[in-house]
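Provide a 3D model corresponding to the input given below.
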Amino acid sequence: MNILIIGVTGLLGCEAANQLVAKGHKIKGLALPSIPDGINLSSEVELVFGNYITDDDSFIKELFTDMDAFIFASGIDERIEVPFPAFEIFNKYNVYPLKRIFKFAKETGVKHCVILGSYFTYFVTERPELELEKHHPYIKSRELQKKFVLNEASTQFSVALLELPYIFGVQKGRKPVWTFLVEMLQNMKVATFFPKGGTAMVTVKQVGQAICGALEKTQGGKAYPIGYYNLTWKELLKTFHVAMGVPKKPIFSISKFLFKMYVKKIKLQQDSKKIEGGLNLVKFADMQYSKQFIDPFLASIFLGVTDDDIYFAIKESVLQSLEMLNNKDSAVDMKL
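Next up, the predicted model:
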């Protein structure tokens, strides 16, 4: 197939491109000019620089000419803090552009697409009592994204939405998303204090496998909750500690009450500055303290995801985060 990848130089877009090239597909990739130094992107990828939000319609439509499929490996995650109301920013990057992209994709005869979303939309359905889409701007944007793209699916236009959990792995020259957690752990000198609970996770390689499988196997519209490994926060933090050179550092679980007291202070600081994050941390406490686990047999196995070394991927992520913090490296990070 001829496949367009929007966000091809990102961590996940690059991995998808390399795996798809290895399978014999022809890849065109759209990227911003800020390419990470040393990026391992196949030389067979046709790279086009541009911005899917600000470039004009004729440029965007031309990208889809002669394409059989496209992958949307872009958007922004919950880490950012922006002027209130934050939803406007999340909608701008995660939802609104897809309406234009889908229009041009259908007009030019594209038959398949894969959208990289968030596993929070899986939990919107599984845990309706938490009203996640109501309280969290980021999750609201992802839920609207999910509803829109699946509604666009038909027998002539397949749509696969990958509900992705936490992802480990590195790309040379790119700041890992886990740098914030490594820095937080460094600042807790004597012991680590963290909530109970846990999360599903995958490696970058496994995301690439899921993308390939979704392109090959999806008919109509389908959301795939992606997960392969399920670790408690304590199990994950132990691996972080090992990679950080403090394997014996104790880990204590703090009560939900104390956690809420702490994040309420953060929320008050945000309110005073009239800024907002992707998650309302006070409302998110119940989710944070739960096991956000996903059975790999729900979707990952079906899509062809295979076993990988999650502990090696975690350690890689931690070590690169340490490098960025210690050397103040000017690596590429998520940008608005």
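
hey, let's count contacts and neighbours off CA atoms from now on
Noted.

Surely residue 290 and residue 196 touch.
Yes: with contact defined as Cα atoms under 8 Å, residue 290 counts as touching residue 196 (7.2 Å).

Between the two, which is the more surrounded one?
Taking other Cα atoms under 10 Å, residue 290 and residue 196 do not tie; residue 196 has more neighbours (17 against 14).

can you confirm the more buried one is in a strand?
No: secondary structure of residue 196 (DSSP: H, G, I helix; E, B strand; the rest coil): coil, not part of a strand.

ok, which stretches of the stretch 101-250 of the chain are strands?
When assigned using DSSP state E, counting those that start in this stretch, the strands of the stretch 101-250 of the chain occupy the ranges 112-118, 158-164, 166-168, 192-194, 198-203, 221-225, 229-232.

export these to a markdown table and tack on mean neighbour count and distance to residue 215?
Listed next are the strands of the stretch 101-250 of the chain as a markdown table, based on neighbours: other Cα atoms under 10 Å; distance: least, Cα to Cα, whole Å:
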| stretch | mean neighbour count | distance to residue 215 |
| --- | --- | --- |
| strand 112-118 | 25 | 7 |
| strand 158-164 | 25 | 7 |
| strand 166-168 | 21 | 20 |
| strand 192-194 | 18 | 38 |
| strand 198-203 | 23 | 19 |
| strand 221-225 | 21 | 11 |
| strand 229-232 | 18 | 23 |
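
how about TSV for these, with distance to residue 59 and mean pLDDT added?
Below are these laid out as TSV (distance: least, Cα to Cα, whole Å; pLDDT from 0 to 100):
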stretch	distance to residue 59	mean pLDDT
strand 112-118	19	98
strand 158-164	23	98
strand 166-168	32	98
strand 192-194	47	97
strand 198-203	33	98
strand 221-225	27	98
strand 229-232	40	98
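
roughly how far apart are residue 291 and residue 30?
36 Å (Cα to Cα, to the nearest Å).

who's more crowded, those two?
Taking other Cα under 10 Å, residue 291 and residue 30 do not tie; residue 30 has more neighbours (22 against 16).

List the beta-bridge partners for that one.
As for beta bridges, residue 30 partners with residue 6, residue 48 under DSSP bridges.

Pull the contacting residues for it.
Contact analysis of residue 30 by Cα atoms under 8 Å, 6 or more residues apart in numbering lists 4-8, 47-51.

Where does the prediction get shaky in the stretch 1-150 of the chain?
Applying pLDDT under 70 to the stretch 1-150 of the chain flags no residue at all.

ok, now the stretch 201-336 of the chain?
328-336.

Would you state the helices of it in chain order?
204-217, 233-243, 256-273, 285-288, 310-327 (DSSP state H, counting those that start in this stretch).

so can I have JSON lines of those showing mean neighbour count and distance to residue 82?
Output for the helices of the stretch 201-336 of the chain, formatted as JSON lines (neighbours: other Cα under 10 Å; distance: least, Cα to Cα, whole Å):
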{"stretch": "helix 204-217", "mean neighbour count": "22", "distance to residue 82": "28"}
{"stretch": "helix 233-243", "mean neighbour count": "18", "distance to residue 82": "27"}
{"stretch": "helix 256-273", "mean neighbour count": "14", "distance to residue 82": "10"}
{"stretch": "helix 285-288", "mean neighbour count": "16", "distance to residue 82": "21"}
{"stretch": "helix 310-327", "mean neighbour count": "18", "distance to residue 82": "23"}
